[in-house]
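**Student:** coordinates for the following, if possible.
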Amino acid sequence: MRPRFPEPLRPGAVVGVTSPSAGVPAELHARLGVAVEAVRTRGYDVIVGGCMDGTTHVSASAADRAAELQRMLLDPRIAAVVPPWGGDTAIDLLPLLDWDGLAAAEPTWMVGFSDIATIITPLTLRAGWATIHGQNLMDTPYSVPDGIASWLDLVALPRGATVRQTSPGRYREGIVDWVEHPEDDTYALDLVGGWTRLDGDGEVDVTGRLVGGCIETLANLAGTAYLDPRPLASLGDGLVVYVEAAEHDALTICRNLHGMRLAGFFDDASAVLVGRTTAPDGATLTQHEAVMDALDGLGVPVVADVECGHVAPHLPLVNGALARVEHSAMGSVVTQTLA
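**Tutor:** Residues are numbered from 1 along each chain as shown. Presented below is the predicted three-dimensional model:
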């Protein structure tokens, strides 16, 4: 299954905003407005859907969320769909979406991470659409550091384009209070740290098709038709699998990764990238040790502390893109080709 890349966005293109999982509470509407304006500043029109309520853990009923998301994904006027952020239970949409219809339709860019991986990764593996992981709408106002692209940059690239991203070697722990500072647009990357190879020493230089997402959400899809990497692996390019822990402790992450491995998710990996996390260690097991407890013996490079998780800055990865990953004393690079 060769992934299909959506048409690039041009000035005047329409971006749809809906919440397939958690909506936006009233106290964060100011930040939502700032984020929407950041998209409009790039020359795009924005349509905000009706499934945005933030008073509970979901923005609307599963039926309403699925219907609105599908309408946006299939609407030829909408070139990209970008939820405000993740949440907890996007999984309830999966049986309600028309996967045959999506597979037959022209692809639309969908962008997001965290619980949104529950949707975008199946969109790639089951419907064949390339999707963008690693940023969301509420993060859009931030100026990304040198070496990292914004999702707004990626959706404007033509098919066949190549984008090279490098680790900035700096990151931020904690979050900004958007209630007090809805206008915040500058990352305070005050901590130093680069990528860490976990499986041994030596340089890394591998290629493969990108696929992955948040461990806590994808683990629930392992072994189902929604997280079957074999069609993508059948291209023969290998897979660069990326995973990241949002908040669960190391023991839970260890169990989740073991389950994903047993389900075959890592079988065709050329390498595994692991996002930097602030999730807690266990009393006798760190997050890094949890990864290797589950993935030791794969025989491929395992590289942690990559900027593809919940810790800012957020390096976007295109599910389905052909990637080259390089890691050495000279630097850490991921180059993606949209073909």
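**Student:** and the residue lying closest to residue 172 once chain neighbours are set aside, how close does it get to residue 256?
**Tutor:** Leaving aside its chain neighbours, residue 172 sits nearest to residue 312 (4.5 Å; criterion: CB to CB, 6 or more residues apart in numbering). The way it works is simple: take the backbone N, C-alpha and C, and place the C-beta from them, glycine included. As judged by CB to CB, to the nearest Å, residue 312 and residue 256 stand 23 Å apart.
**Student:** just residue 214 next, same as before
**Tutor:** Applying CB to CB to residue 214 and residue 256 gives a distance of 10 Å.
**Student:** name the residues of the helix or strand where residue 64 lies that are buried.
**Tutor:** For residue 64, the element it lies in under DSSP states H and E is helix 62-74. Of all the residues in helix 62-74, those buried under the rule 16 or more other CB atoms under 10 Å are 62, 64-70, 72-73.
**Student:** and stretch 13-29, by the same measure?
**Tutor:** Applying 16+ other CB under 10 Å to stretch 13-29 flags 13-24, 28 as buried.
**Student:** tell me the mean pLDDT for it?
**Tutor:** Stretch 13-29 carries an average pLDDT of 98.
**Student:** with stretch 280-293 instead?
**Tutor:** For stretch 280-293, mean pLDDT rounds to 97.
**Student:** same thing with stretch 111-129?
**Tutor:** For stretch 111-129, mean pLDDT is 98.
**Student:** now that stretch, how far from the chain's geometric center?
**Tutor:** 8 Å (CA atoms, centre = their mean, to the nearest Å).
**Student:** equivalent analysis for stretch 252-270, please.
**Tutor:** Averaging C-alpha positions (CA atoms, centre = their mean) puts stretch 252-270 18 Å from its chain's average.
**Student:** which outside residues touch that stretch?
**Tutor:** 206-208, 215-216, 218-219, 222-223, 227, 229-230, 233, 238-241, 243, 245, 248, 272, 279, 285, 287, 290-291, 293-295, 298, 300 (CB atoms under 8 Å, 6 or more residues apart in numbering).
**Student:** pull out the buried members of the residues you listed.
**Tutor:** Judged by 16+ other CB under 10 Å, buried ones among these: 206-208, 215-216, 218-219, 222, 227, 229, 233, 238-241, 243, 245, 248, 272, 279, 287, 290-291, 293-295, 298, 300.
**Student:** which ones among those are found in strands?
**Tutor:** Taking DSSP state E as the definition of strands, those contribute 206-208, 239-241, 243, 272.
**Student:** which of the residues you listed lies closest to residue 141?
**Tutor:** residue 243 (27.2 Å; CB to CB).
**Student:** and that closest one, bridged to which residues?
**Tutor:** residue 213, residue 274 (DSSP bridges).
**Student:** that older thread, just the ones in strands among the buried ones among the contacts of stretch 252-270 now: which is nearest residue 114?
**Tutor:** Nearest member of these to residue 114, counting by CB to CB, is residue 243, at 12.7 Å.
**Student:** related to what we said a few turns ago, is the residue nearest to residue 172 in a helix, a strand, or coil?
**Tutor:** Secondary structure assignment for residue 312 (DSSP: H, G, I helix; E, B strand; the rest coil): coil.
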